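A.B. asks: what's the 3D shape of this:
(one chain, ligands or ions: 1)
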Amino acid sequence: MAFILGSGSPRRLELLAQLGITPDDVRPPDIDETPKKAELPRDYCNRIAHEKAMAVRADSDDLILCADTTVALGRRILGKPADAGEAAEFLLALSGRRHRVITALSLRRGDKIWQKDVVSQVRMKRLSDLELNAYLASNDWQGKAGGYAIQGPAGALIPWISGSFTGIVGLPLAETANLLQVAGYSVHKEAAA
Ligand SMILES: Cc1cn([C@H]2C[C@H](O)[C@@H](COP(=O)(O)OP(=O)(O)OP(=O)(O)O)O2)c(=O)[nH]c1=O
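C.D. replies: Just a heads-up that it's a prediction; the model follows:
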């Protein structure tokens, strides 16, 4: 039995390390992340996490962990910006408002799937032109849902959250540990030994 992290996100690997887990292998899934017409953000996030878990090749007794993080502004899904122009558009839409960050987990062994999502609320301060331009120049928005990462310089733009900090970063640790336990994977090996 191997434990496989089905993610190319370095954040997810680091967060997993916080649980004391080093995966036997890392296999980033390659799927089409385009939302369906009128698809709601939470449904979308769960569907994508599930599709990622199904897309990773593994033996039937391997455990595969995948996740998807989606930024939702009302019914609008903000994915990973394609370029600085789109990042600016997302940040201006988020500026001075509250939004949700959803992370869906999908754990698979063979045909069996365990799924869980975590929804957090985030408020971004009203951004000045200087703040917006400095953040865009940092390039830290690249590869981040909604065009920002709370764990980087954008932390200065976020005065309030409610929910799971690790979930916003990409892997909600309490829920991940719980899901792994449910699937029979021992998270607390040292304590059990
Ligand atoms: C909102 C937010 C997102 N993110 C990141 C987490 C995810 O890596 C990314 C959302 O994209 P995802 O599609 O969830 O993940 P990914 O493409 O990076 O990796 P993979 O599909 O291989 O697992 O945004 C942060 O790092 N900090 C934040 O505050």
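
A.B. asks: what's the longest helix along the chain packed up against?
C.D. replies: Determined from DSSP state H, the single longest helix within the chain is helix 41-55. In terms of contacts (3 or more C-beta pairs under 8 Å, 6 or more residues apart in numbering; DSSP states H and E), helix 41-55 is packed against strand 63-73, strand 76-78, strand 98-109, strand 112-123. Glycine gets a C-beta too; all of them are placed from N, C-alpha and C.

A.B. asks: send the alpha carbons of the last one over as PDB?
C.D. replies: Included here for strand 112-123 are C-alpha records, laid out as PDB according to Å, rounded to 0.1, in the frame of the first residue of the first chain:
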ATOM      1  CA  LYS A 112     -13.800   3.700  -2.800                       C
ATOM      2  CA  ILE A 113     -13.900   7.500  -2.500                       C
ATOM      3  CA  TRP A 114     -14.000   9.600   0.700                       C
ATOM      4  CA  GLN A 115     -14.900  13.200   0.000                       C
ATOM      5  CA  LYS A 116     -15.100  16.300   2.300                       C
ATOM      6  CA  ASP A 117     -15.300  20.100   1.600                       C
ATOM      7  CA  VAL A 118     -14.400  23.000   3.800                       C
ATOM      8  CA  VAL A 119     -15.800  26.500   3.200                       C
ATOM      9  CA  SER A 120     -14.000  29.600   4.700                       C
ATOM     10  CA  GLN A 121     -14.900  33.200   4.500                       C
ATOM     11  CA  VAL A 122     -12.200  35.800   3.700                       C
ATOM     12  CA  ARG A 123     -12.400  39.600   3.600                       C
END
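
A.B. asks: after it comes which helix or strand?
C.D. replies: Next in sequence after strand 112-123, counting helices and strands by DSSP states H and E, comes helix 129-138.

A.B. asks: contacts for that following helix?
C.D. replies: Residues from elsewhere that reach helix 129-138 (C-beta atoms under 8 Å, 6 or more residues apart in numbering): 84, 87-88, 91-92, 95, 125, 127, 141, 148, 152-154, 157.

A.B. asks: ok, of those, which come out buried?
C.D. replies: For the contacts of helix 129-138, a burial check counting by 16 or more other C-beta atoms under 10 Å picks out 87, 88, 91, 127, 141, 148, 153, 154, 157.

A.B. asks: ok, the third one touching residue 140?
C.D. replies: What it means is residue 91. No. Look at residue 91 against residue 140 with C-beta atoms under 8 Å: they stay out of range, at 11.5 Å.

A.B. asks: distance of residue 41 relative to residue 4?
C.D. replies: Distance check for residue 41 against residue 4: by C-beta to C-beta, to the nearest Å, it reads 27 Å.

A.B. asks: do residue 114 as well
C.D. replies: 14 Å.

A.B. asks: also residue 25?
C.D. replies: Per C-beta to C-beta, residue 25 is found 5 Å from residue 4.

A.B. asks: okay, the two: which has more neighbours?
C.D. replies: Between residue 25 and residue 4, counting by other C-beta atoms under 10 Å, residue 4 is the more crowded of the two (21 against 13).
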